[in-house]
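> For reference, the sequence and a predicted model appear below.
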Amino acid sequence: MAAILSNADFHSLKRALLEWIANNPQKKLSFLLTGKTGVGKSRLVNALVGENVANEGQQRDSCTNTATPYKVTKEDIDILVWDSPGLQDGNADYSNWYLENLKDINSRYGIDVVVYCLKMDDRRFYSEDKKAIRKLTEGFGKELWKKTVIALTFANKIQDPDEIDDQIYFLKELTEWERQLRGVPGGILTELQIDSKVLSALPIIPVGNYAGMPKKPRPLPNGDNWLSELWISCYSVMSDTAGVALYKISKNRLVFDATAVAPKDDPRDIPGDIPLNDRQQNTLWKRMWDAFKSFAPQFIARSMSTGVLAAVGVAILRVLNR
Ligand SMILES: Nc1nc2c(ncn2[C@@H]2O[C@H](COP(=O)(O)OP(=O)(O)O)[C@@H](O)[C@H]2O)c(=O)[nH]1
Ligand SMILES: [Mg+2]
């Protein structure tokens, strides 16, 4: 069988891709974390960024704090984390103030991804959260949901109270959250008339760190590695240039390992590895290739169909990661 891509082609494609990544114009990444105090925003963003950027367990209560982001620089990219618990505290004056503040941040710095945190083991979807979701939509427009990931935190704590089957119970709880968020009819986002395509693409990701759990690392009840899914979901909703910036700050942690499911790290630490399974690897390449291909017309022109390149793409990503 003839090789679909010659060695020389493979190497020049790899070089072109590396150069394109290195020349990515975006030098900052701006994350907005929102959700009630104590839902795990700080812990989640630390895991995502791979550094202790936000102080876990600490309350940033005063109004002045939202305007000051947590900051860290990685691979020459300034990472800004805006932490806004104030939208969900039920105080209408405050939440208006927070919203104006966020709009100001957005116009000055841009927000690359919004992570809306809800505590999965809460027995109910709080009206404060529903109000905050309405407010955010009024303030930023429906487009906001195109760059949002909904994180269901404390997912590792979900256990069947009847002790019959944790996995089934977990999937039932997940379905119930999905229904309350984007169910037709009845989901809050459906009520807000967010475009159905945007809604079906909106990632709703159970995430769970191990704090407070027995020290044994544990995957989610459905066996997923929550960090990998969170990472690829953020990558998927970001703009092309923001996605490359996220790839750059995470490159050393990405592991192209189809079999890895559960985080291996000490539960008390920020997880190191982000193992990507086959599906996640393909998602990464597909998005990256869509953004990159117009910079590599020579490869498309020379009898290499997009399909062929897509097939070798993951192989190239693996090589880049060595
Ligand atoms: N079991 C468990 N504990 C968590 C999780 N996320 C955060 N925590 C703990 O919950 C507390 C509050 O977390 P933090 O990130 O500070 O919440 P924030 O107020 O939303 O920023 C901390 O003690 C965390 O260690 C999670 O997913 N599972
Ligand atoms: Mg916090």
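Noted; the coordinates are in hand. Bear in mind the structure is a predicted one, so any value in this text is a computation, not a measurement. Ligands and ions are numbered 1, 2, ... in the order given.
> So whichever residue of the chain sits closest to ligand 2: helix, strand or coil?
Per Cβ to the ion, Ser42 is where the chain lies closest to ligand 2, at 3.4 Å. (Glycine included, C-beta is placed from N, CA and C.) Taking DSSP: H, G, I helix; E, B strand; the rest coil as the rule, one finds Ser42 in the helix state.
> if I pick it, what's in contact with it?
With contacts taken as Cβ atoms under 8 Å, 6 or more residues apart in numbering, Ser42 has the following neighbours: 33, 54-58, 83.
> The same query, at a cut-off of 10 Å, please.
Residues counted as contacts of Ser42 (Cβ atoms under 10 Å, 6 or more residues apart in numbering) are 33, 52-60, 70, 81, 83, 85.
> Dump the residues you listed into a markdown table; add neighbour count and secondary structure as well.
Rendered in a markdown table, the data for the contacts of Ser42 read as follows (neighbours: other Cβ atoms under 10 Å; DSSP: H, G, I helix; E, B strand; the rest coil):
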| residue | neighbour count | secondary structure |
| --- | --- | --- |
| Leu33 | 24 | strand |
| Asn52 | 15 | coil |
| Val53 | 21 | coil |
| Ala54 | 21 | coil |
| Asn55 | 12 | coil |
| Glu56 | 15 | coil |
| Gly57 | 9 | coil |
| Gln58 | 10 | coil |
| Gln59 | 11 | coil |
| Arg60 | 18 | coil |
| Tyr70 | 22 | strand |
| Val81 | 22 | strand |
| Asp83 | 24 | strand |
| Pro85 | 23 | coil |
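> State the pair within these that is farthest apart.
Maximum pairwise distance among those (Cβ to Cβ): 18.6 Å, between Asn52 and Pro85.
> and the residue nearest the centre of the chain, what are its phi and psi?
A centroid search over the chain (Cα atoms, centre = their mean) returns Cys234, at 2.8 Å, as the residue closest to the centre. Dihedral angles of Cys234 (phi, psi; degrees, to the nearest 10) stand at phi -60, psi -50.
> so it makes contact with Lys147?
Yes - with contacts defined as Cβ atoms under 10 Å, Cys234 counts as touching Lys147 at a distance of 9.2 Å.
> Please convert the contacts of Ser42 to CSV, extending it with distance to Asp166.
Shown next, in CSV, are the contacts of Ser42 (distance: Cβ to Cβ, whole Å):
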residue, distance to Asp166
Leu33, 28
Asn52, 31
Val53, 32
Ala54, 30
Asn55, 32
Glu56, 26
Gly57, 27
Gln58, 31
Gln59, 32
Arg60, 34
Tyr70, 34
Val81, 32
Asp83, 31
Pro85, 30
